[in-house]
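1. would you be able to build a 3D model of this:
(one chain, ligands or ions: 2)
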Amino acid sequence: MQIVFASSEAVPYSKTGGLGDVAAALPSALAARGHDVTLVLPYHSLVWPEHRLPHPERSGPFVTADLGERRVTGQLLTSVVPENGVRLVLVDQPAYFARRGLYDGADNCERYAFFSHAVIETCRLLGLNPDVVHANDWQTGLVPALLATGARERVPNLAGTGSVFTIHNIAFQGDFPPEAMPGTGLDGRYFSWEYLEFFGRLNLLKAGVVLANEVTTVSPTYADEIRTERFGHGLDPVLRAKEDRLTGILNGVDLGTWNPTSDPMLDHHYDVDSASEGKAANKRELQTLLGLPVRDDVPLFGMISRMTDQKGFDLIRDASAALLSLDAQFCFLGTGAEEFEQLVRRLAERAPEKVAATVGFDEALAHRIEAGSDAYLMPSSFEPCGLNQMYSQVYGTVPVVHRVGGLADTVVGATEESLADGTATGVVFEHYTADGLLWAVHQTLKLFADRTTWSRLVRNGMTRDFSWAASAAKYETVYERAAAGVAEPAS
Ligand code: ADP
Ligand code: GLC
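-> Ligands and ions are numbered 1, 2, ... in the order given. The predicted model follows:
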């Protein structure tokens, strides 16, 4: 198939969270399965990684979009991802994308409207004939909308192109005031409930959901959850109306990047048979690096995260006194809400022998934490998929998670039964309260104290298959349905 994949971020070029990992790994997995894949990204020239120098060649066609009163021009910089043969198209528009923070700016609606128009124009200008265009999250919600409102008629190569829209996080909807509508470049008549409007406002995620031929989200449990009021962030009725076109497909792990046998960010490599010594060496290094007492006998809990309510920092806050009273170490890496950045800093000041806090975004440290920690905390209030609980299992680090979304689908909680049948890989708690989290941490300490059980948990996690191949095959099925669905009117 020919597939055009549109995302606002992808590693190693740009990343704020899991979308960046997925937007690199899934196109790569699809290309490995023989598909012709084009990845379209905004060109974030200021965060272009040094090891990717020089910057892409300044050649390629110009793109123009009429956004209300403004005619905006950019350029498509084309190349090929050397590792996997994916065609890479960078949309260069310095006024929109040459910024330090990826999503900085009051003009986000216009920026991503321009990007979405550029995705359509990429197909026209590069003469692509995609079977499917796959858009991701609100930033590209207008891509299915543009296809459904005239692009298929205007651009002959898109006449039979299906659209797939993936929800990575329904909490971020690209919600803008109605005055932003002209900036989308779409006719004002599309500011209606069948198209872009939602409760009097513009909602780009809703537009993607309603107008795509097929909708996916990143785990089966989250696909169920977002159809309920508790998890739908207001869009549950829209998802219920679309449920026969909604599929939950788990993300995978890119074993080229996240692999303890070859991770270039680690000094000590290990596999399932050498995990005990390998992890001990990484743990000692991590403790030294972070200024924690170097102790083998104390369990070290890691956490790498955007610091928001989603990720359970309110529970960490409420449980902090009890956590600090334990004979355990914690290391936090993250950025986000001021309140939570201060929280982890304060904990580290109060108990420097137990807590290390790094406020910032640090890819190398993230890898070292995955390798050097014994357990990994992921007490999310909601989690569409979550990647770190899977990375943790691959790295022999036992995840401690709230039973929700993708965490419920990827971690098997230790019980008598799951320990006996060899499926247990982590600790899972039910109640989203400080007590729920503390129960889970106490369980973890008990399991850690029994070395045989602990090694079994580590082994079970490390031998699970989290590779992308199975998920890529499921996307193929959805792509086929989307392409077949073009003949039918979007519902
Ligand atoms: P989300 O996309 O909701 O943030 P995921 O678990 O899907 O959560 O993915 C988060 C990704 O971002 C992981 O690869 C994680 O290691 C990475 N990450 C998050 N915060 C940081 C940080 N401060 N430094 C380095 N990597 C981070
Ligand atoms: C989102 C979700 C996360 C998911 C990631 C990639 O940011 O919060 O759970 O793993 O997207 O799909």
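
2. what about Ala118, neighbour count?
-> 26 (other C-beta atoms under 10 Å). Backbone N, C-alpha and C define where each C-beta goes, glycine included.

3. whichever residue of the chain sits closest to ligand 1 - how many residues pack around it?
-> Residue nearest to ligand 1 within the chain: Gly18 (2.2 Å; C-beta to the nearest ligand atom). Other residues within reach of Gly18 by the criterion other C-beta under 10 Å amount to 21.

4. alpha carbons of stretch 299-306, as PDB, please.
-> Extracted in PDB, the C-alpha atoms of stretch 299-306 (Å, rounded to 0.1, in the frame of the first residue of the first chain):
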ATOM      1  CA  PRO A 299      14.700  -0.800  45.700                       C
ATOM      2  CA  LEU A 300      15.100   2.200  43.300                       C
ATOM      3  CA  PHE A 301      11.800   3.400  41.700                       C
ATOM      4  CA  GLY A 302      12.100   5.400  38.500                       C
ATOM      5  CA  MET A 303       9.600   7.800  36.900                       C
ATOM      6  CA  ILE A 304      10.000   9.700  33.600                       C
ATOM      7  CA  SER A 305       7.100  11.800  32.700                       C
ATOM      8  CA  ARG A 306       5.300  14.900  31.600                       C
END
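
5. distance of the residue of the chain closest to ligand 1 from Ala98?
-> 24 Å (C-beta to C-beta, to the nearest Å).

6. same question for Asp244.
-> As judged by C-beta to C-beta, Asp244 and Ala98 stand 42 Å apart.

7. between the two, which has more neighbouring residues?
-> Ala98 (15 against 6).

8. kindly report the residues of the chain close to ligand 1.
-> 17-19, 21, 304-306, 333-335, 361-363, 366, 385-388 (C-beta under 6 Å from any ligand atom).

9. select only the buried ones of these in PyMOL?
-> A single PyMOL command selects the buried members of the residues of the chain next to ligand 1 (16 or more other C-beta atoms under 10 Å):
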select buried, resi 18+19+21+304+305+306+333+334+366+385+386+387+388
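
10. point out where this protein drops to low pLDDT.
-> The chain contains residues with pLDDT under 70 at 53-54, 487-491.

11. give me every residue that touches the closest residue to ligand 2 within the chain.
-> For the chain, the residue closest to ligand 2 is Gly18, as judged by C-beta to the nearest ligand atom, at 2.8 Å. Applying C-beta atoms under 8 Å, 6 or more residues apart in numbering to Gly18 gives the contacts 168, 251, 385-387.

12. could these be laid out in CSV, adding secondary structure?
-> Converted to CSV, those look like this (DSSP: H, G, I helix; E, B strand; the rest coil):
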residue, secondary structure
His168, coil
Asn251, coil
Cys385, coil
Gly386, coil
Leu387, coil
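
13. ok, and which of these reach ligand 2?
-> For ligand 2, the contacts drawn from these by C-beta under 6 Å from any ligand atom are 168, 251, 385-387.

14. how about stretch 22-33: buried residues?
-> For stretch 22-33, by 16+ other C-beta under 10 Å, it's 22-31.

15. just the buried residues of the strand ranked longest in the chain, please?
-> Taking DSSP state E as the criterion, the chain has its longest strand at strand 70-80. Under the neighbour-count criterion of 16+ other C-beta under 10 Å, strand 70-80 has 72, 74-78 buried.

16. surely Val375 touches Thr397?
-> For residue 375 the amino acid is Ala, not Val. Yes. Under the criterion of C-beta atoms under 8 Å, Ala375 makes contact with Thr397 at 6.4 Å.

17. just want to know which of the two has more residues nearby.
-> Each of Ala375 and Thr397 has its neighbours counted (other C-beta under 10 Å); Thr397 has more, 32 against 26.

18. show me what contacts the more buried one?
-> For Thr397, the contact set (C-beta under 8 Å, 6+ apart) comprises 279, 302, 370-371, 373-376, 458, 461.

19. in strands, which of these appear?
-> Per DSSP E, these map to strands at 302, 375-376.

20. which residues does the strand or helix carrying Thr221 contact?
-> Thr221 belongs to helix 220-225 when assigned by DSSP states H and E. Helix 220-225 is touched from outside by 216-217, 231-232, 246-250, 382-385, 404-406, 408-409, with contacts defined as C-beta under 8 Å, 6+ apart.

21. kindly recompute the last result at 7 Å.
-> Contacts to helix 220-225, defined as C-beta atoms under 7 Å, 6 or more residues apart in numbering, come from residues 217, 231, 246-248, 384-385, 405-406, 408-409.

22. and for stretch 152-162?
-> 120, 123-124, 127-133, 147, 151, 213, 479, 482-483, 485-486.

23. measure that stretch end to end?
-> 10 Å (C-alpha to C-alpha, to the nearest Å).

24. how far is it from where the chain is centred?
-> Mean-position distance between stretch 152-162 and its chain equals 29 Å (C-alpha atoms, centre = their mean, to the nearest Å).

25. mind listing what's buried along that stretch?
-> 152, 155, 158, 161-162.

26. now render those as a markdown table, adding secondary structure.
-> Converted to a markdown table, the buried residues of stretch 152-162 look like this (three-state DSSP):
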| residue | secondary structure |
| --- | --- |
| Arg152 | helix |
| Val155 | coil |
| Leu158 | helix |
| Thr161 | coil |
| Gly162 | strand |
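
27. in these, find the pair that's most separated.
-> Greatest spatial distance in the buried residues of stretch 152-162: Val155 and Gly162, 14.3 Å, computed using C-beta to C-beta.

28. spell out which parts of the stretch 251-400 of the chain neighbour ligand 2.
-> So far as C-beta under 6 Å from any ligand atom goes, the stretch 251-400 of the chain lies against ligand 2 at 251, 383-387.

29. mind running it again at 5 Å?
-> Residues of the stretch 251-400 of the chain found near ligand 2 (C-beta under 5 Å from any ligand atom) are 383-387.

30. which residue ranges form the strands in the stretch 1-150 of the chain?
-> Secondary structure of the stretch 1-150 of the chain by DSSP state E, counting those that start in this stretch: the strands cover 2-6, 36-42, 62-67, 70-80, 87-92, 132-136.

31. touching stretch 191-202 from outside, list them.
-> Residues from elsewhere that reach stretch 191-202, judged by C-beta under 7 Å, 6+ apart: 109, 145, 175-178, 180-181, 186, 190, 203, 206-207, 210-211.

32. same thing but 6 Å
-> 175-176, 180-181, 190, 206-207 (C-beta atoms under 6 Å, 6 or more residues apart in numbering).

33. again, but for stretch 94-112
-> Outside stretch 94-112, the residues that touch it by C-beta under 6 Å, 6+ apart are 9, 14, 16, 42-46, 67, 139, 176, 180, 183.

34. span of it from start to end?
-> With C-alpha to C-alpha as the measure, stretch 94-112 spans 13 Å from end to end.

35. which positions in that stretch come out as buried?
-> Applying a neighbour-count criterion of 16+ other C-beta under 10 Å, one finds 96-97, 99, 102, 108-112 buried in stretch 94-112.

36. what distance separates it from the middle of the whole chain?
-> With C-alpha atoms, centre = their mean, you get 20 Å for stretch 94-112.

37. next one: stretch 120-136
-> For stretch 120-136, the gap between its own C-alpha mean and the chain's C-alpha mean amounts to 23 Å (C-alpha atoms, centre = their mean).

38. would CSV of the contacts of stretch 94-112 with neighbour count be doable?
-> Supplementary listing: the contacts of stretch 94-112 in CSV, determined by neighbours: other C-beta atoms under 10 Å:
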residue, neighbour count
Glu9, 25
Ser14, 22
Thr16, 14
Pro42, 27
Tyr43, 23
His44, 21
Ser45, 16
Leu46, 13
Leu67, 18
Gln139, 27
Phe176, 20
Ala180, 21
Gly183, 20
